[in-house]
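# sharing a model that was predicted from the sequence below.
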Amino acid sequence: MAKTKAEQFLNSLGSEIAPAEAFVPVNLPETLVDCGIRLCFDGELDEEIMAKLEIVGQKKTLRLNPLDNPYRFENRYLVAHVLGHYALHCQPGADYIIVERRRDFHDFSKRFWPGVEQEAAAFANDLLLPVEACRLVAKKFWDKSQDQPSCEREHFWRGHFASIFEVNSLYLGDRLRLFGLM
């Protein structure tokens, strides 16, 4: 099976992709360090800005808005999304400023997002929710899911995937649909 862009990116950093079970949850702070990106909270960011990646020469800083609780799972998705822009859309040696404004990342209208946003969202999904790891989780809990009333199965899967992958359950729709779990 061909490697995803997220896997290719991690390999380019010198990371060997571990067996699917050991790959999750991905260590985003370590990945940022491997990229030379400093992560910080910036109280000076406008309240409409969730994240801002500044690349000036060799200095790379990802600033998160402290208005968002830093321990919320949404921030993991936000950081992975910005990392997707960095990995897919930035040319080495060039200066960039990437700004993520508040919007509903789990909104169904994302199919109308510009192509670069869709690519970054797909990268974030592949990074945080690797397909093979998702397949293993689905297989591991399949029998237990069948014990749930049919009206509770989606909730069951969202809870298990959110806990294992440390991703807010709102971001799981694409993967759960891929495996027919919702």
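Structure's in. What do you need?

# now stretch 27-46: buried residues?
Using 16 or more other CB atoms under 10 Å as the test for burial, stretch 27-46 gives 28, 31-32, 35, 37, 39, 45. Every C-beta, even on glycine, is put in place using the N, C-alpha and C of the backbone.

# narrow those residues to those in strands?
The strands, defined by DSSP state E, take in 37, 39 from the buried residues of stretch 27-46.

# got the buried residues of stretch 27-46 as CSV, with distance to residue 54 columns?
Rendered in CSV, the data for these read as follows (distance: CB to CB, whole Å):
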residue, distance to residue 54
28, 18
31, 18
32, 13
35, 13
37, 10
39, 12
45, 11
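
# let me know the closest of the buried residues of stretch 27-46 to residue 6.
residue 31 (9.9 Å; CB to CB).

# tell me the confidence at residue 112?
Looking at residue 112, its pLDDT reads 57.

# and residue 124, what element?
Using DSSP states H and E, residue 124 falls within helix 115-128.

# what about the helix or strand residue 143 falls within, distance to the chain center?
Using DSSP H and E, residue 143 falls within helix 131-146. Centre-to-centre, helix 131-146 and its host chain are 20 Å apart (CA atoms, centre = their mean, to the nearest Å).

# I'd like the average pLDDT over it.
Mean pLDDT, helix 131-146: 92.

# go ahead and confirm residue 90 touches residue 97.
No. At 10.5 Å, residue 90 and residue 97 do not qualify as touching, with contact defined as CB atoms under 8 Å.

# what residues are shared contacts of these two?
Jointly contacting residue 90 and residue 97 under the rule CB atoms under 8 Å, 6 or more residues apart in numbering are residue 55.

# more neighbours, the two?
Each of residue 90 and residue 97 has its neighbours counted (other CB atoms under 10 Å); residue 90 has more, 15 against 9.

# quickly note the distance from the more buried one to residue 114.
16 Å (CB to CB, to the nearest Å).

# same check on residue 57?
Relative to residue 114, and taking CB to CB, residue 57 is found at 27 Å.

# and if you look at residue 130?
25 Å.

# and for residue 75?
Note on residue 75: its distance to residue 114, by CB to CB, is 23 Å.

# between those two, point out the one with more neighbours.
Neighbour comparison, residue 75 and residue 114: the larger count goes to residue 75, with 18 against 8 (by other CB under 10 Å).

# gap between the longest strand along the chain and the chain center?
Looking across the chain with DSSP E, the single longest strand is strand 49-56. Averaging C-alpha positions (CA atoms, centre = their mean) puts strand 49-56 16 Å from its chain's average.

# so what's the spatially most central residue of the chain closest to, chain neighbours aside?
Central residue of the chain (CA atoms, centre = their mean): residue 124, 3.2 Å from the mean position. Using CB to CB, 6 or more residues apart in numbering and skipping residues adjacent in sequence, the residue nearest residue 124 is residue 80, 3.8 Å away.
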